[in-house]
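*Asks:* My questions concern the predicted model and sequence given below.
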Amino acid sequence: MTANIIISTRGLTRRFGNVVAVDGLHLDIEAGEIFGLVGRNGAGKTTVIKMLTTLLPPSAGSASIAGWDVVSQASRVRRIIGYVPQALSADGELTGYENLLVFARLFDIPRAERRARIEGALRFMDLTEVAPRLVRSYSGGMIRRLEIAQSTLHRPKVLFLDEPTVGLDPLARHTVWEHIARLNAEFGTTVVVTTHYMDEAEVLCDHLAILHQGALAAVDTPEALKARIGPDATLDDAFAHFTGGSPEQEGSYAETSRTRRAASRLG
Amino acid sequence: MPLALVAGFVRKTIAIADMEVRKLRHDPTELLTRALQPALWLLVFGQVISRGRVVDTGDLPYLDFLVPGILAQSVLFIAIFNGISIIWERDLGIVHKFLASPTPRAALVLGKAIGGGVRALIQAVVVIALAELLDVRVRWDPLALAGAAALILLGAAVFSTFSLIIACLVKTRERFMGIGQVLTMPLFFASNAIYPTSMMPGWLQVISHSNPLTYQVDGLRALILSGTPPPGVGLGTDFAVLGGVLLLLVMVSARLYPNIVR
């Protein structure tokens, strides 16, 4: 990988007490690609995202985005990233427009440009008509699109999406995928997405990193990962091979309850 | 450059506060339900204690004495609620997104606190209207009322930030509910809100004098009543104490705030 690397982690590690959530991760992510972090619930995907988005300091190792260190230059990093957490992060008590307005202000978009930028984002995500409505009345897919709009108003270099389609119905999932792909194609935004859905990983991602118990089990393009197993192998087969099981197993009680809660709110 | 930093800080604090006010505009029912408690204190507690003449408030009728106390109490109760809303927003994921944005932590804290202050101000209008109906002699002096509004904002900001700190330490709604109860009652009773400090035993006077609520009540008494309240510590001291406490609390909570998502 000699291409233009925008995110790189070196021995990135996070411990919670005695539990090693992320274990010495070495990753290089190319500028302009859609990069997938796949793994079961509890494999460490969200912890990686939290460290890369400056929310959680690593226990050891380092990570940088566009050359800025996520710990010592956190405020620089925050200017060039967008982040859509797994849980619901749009405010239901505000309208769609207001949800965007507050982020336009927080990301220092000049007053003169705000309106045009917000309207552009609404149009891009097909939300113009519902913008004056309270987000409480939105469907799950609409909320996800609004959240992506919120996190891309400032045209970030990197967009982090944590399980973007959990709890969505198949149609809404496809719509969200299309919007992510368009964002990547039109603005060249690098997208880092975590998922435990193999179809999502296969449709969206240029490269995949398979995480297993906090460590990197494999990293490659979806095609190459399948080819490593056999000529007719699916991505599920590849996943099972590298992690010793299917993607749907396990997950702690807390993780499960969080996923279900997010799903029921989005549903 | 430092000037641009300050301007950015102010802009973002206002953005957060504005967001809170917009929420209130979309759903103002909360304000009505919250007016019930102060009404009960004035109509029931206030009437009974006035009749019994149990509390010596000098020339001032007890109900007049009580109004600033109940005003400060309703500000306190609204402000303490801020902590639980932070935990709620953390459970959702809203806080994560704010923390990953280029917003100074202190602006997030202070913006929330000012939002709490605006809620409290609206509440104050209700309490003062009620006081007027009960024949309490309110001082309708614009300057004094502006001072009272400033004091209410300041007090609300102090207690909102305080509750935010608690929220960052306890992290779950259940624990917060327990601790919130345990803290608000002593803050209220160990203050001069419903009786003068001079009636308290010595040890309680010491606590009352280190309680920010006492200074808020003291300032409000000096500002909103047309009768003469028992002598207090002076407006200058009231504002200085509350301002100092707010500065300290904002610094502490800006430090603790990121912990809530870890």
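*Replies:* Now that the structure is in, tell me what you want to look at.

*Asks:* Can you find the residue of chain B that comes nearest to chain A?
*Replies:* Here chain B gets closest to chain A at one residue, B:Gly93, 3.3 Å apart by Cβ to the nearest Cβ. Quick note: C-beta positions are derived from backbone N, CA and C, even for glycine.

*Asks:* and the gap between that residue and A:Gln86?
*Replies:* To A:Gln86, B:Gly93 is 7 Å away according to Cβ to Cβ, to the nearest Å.

*Asks:* tell me, what's touching those two both at once?
*Replies:* In terms of Cβ atoms under 8 Å, 6 or more residues apart in numbering or on different chains, B:Gly93 and A:Gln86 are not both contacted by any residue.

*Asks:* Which of the helices or strands spans residue 132?
*Replies:* Using chain A here. If you go by DSSP states H and E, A:Pro132 is not part of any helix or strand.

*Asks:* that's the wrong chain, I wanted chain B
*Replies:* B:Glu132 belongs to helix B:105-133 when elements are defined using DSSP H and E.

*Asks:* One more: B:Gly8?
*Replies:* Using DSSP H and E, B:Gly8 sits in helix B:2-26.

*Asks:* what about that helix and chain A, any contact?
*Replies:* Yes - counting by Cβ under 8 Å from any Cβ of the partner chain, chain A has neighbours in helix B:2-26: B:Gly8, B:Arg11, B:Lys12, B:Ala15, B:Ile16, B:Asp18, B:Met19, B:Arg22, B:Lys23, B:His26.

*Asks:* Look up the closest residue to the residue of chain B closest to chain A, ignoring the ones flanking it.
*Replies:* Excluding the flanking residues, the one nearest B:Gly93 by Cβ to Cβ, 6 or more residues apart in numbering or on different chains is A:Ala87, at 3.3 Å.

*Asks:* for that neighbour, helix, strand, or coil?
*Replies:* coil (DSSP: H, G, I helix; E, B strand; the rest coil).

*Asks:* What count of nearby residues applies to it?
*Replies:* 22 (other Cβ atoms under 10 Å in any protein chain shown).

*Asks:* so how far is A:Arg144 from the closest residue to chain B within the stretch 1-150 of chain A?
*Replies:* Of all residues in the stretch 1-150 of chain A, A:Ala87 sits closest to chain B, at 3.3 Å by Cβ to the nearest Cβ. Using Cβ to Cβ, A:Ala87 is found at 12 Å from A:Arg144.

*Asks:* Kindly report the same for B:Gly52.
*Replies:* B:Gly52 is 61 Å from A:Arg144, by Cβ to Cβ.

*Asks:* Would you mind telling me which of those two has the busier surroundings?
*Replies:* Taking neighbours as other Cβ under 10 Å, B:Gly52 and A:Arg144 compare with A:Arg144 leading, 29 against 9.

*Asks:* And chain B, is the helix or strand harbouring the more buried one touching that?
*Replies:* For A:Arg144, the host element (DSSP H and E) is helix A:140-152. Yes - judged by Cβ under 8 Å from any Cβ, helix A:140-152 and chain B are in contact via A:Glu147, A:Gln150, A:Ser151.

*Asks:* got a winner among these for most neighbours?
*Replies:* A:Gln150 (29 neighbours).

*Asks:* How about the contacts made by it?
*Replies:* By Cβ under 8 Å, 6+ apart, A:Gln150 lies in contact with A:Val84, A:Ser89, A:Ala90, A:Asn99, A:Leu100, A:Phe103, B:Lys97.

*Asks:* Determine the three-state secondary structure at the third one.
*Replies:* Here A:Ala90 is recorded as coil under three-state DSSP.

*Asks:* for chain B, which helix is longest?
*Replies:* helix B:62-92 (DSSP state H).

*Asks:* where's that helix relative to the chain centroid, distance-wise?
*Replies:* Put simply, helix B:62-92 sits 6 Å off its chain's centre (Cα atoms, centre = their mean, to the nearest Å).
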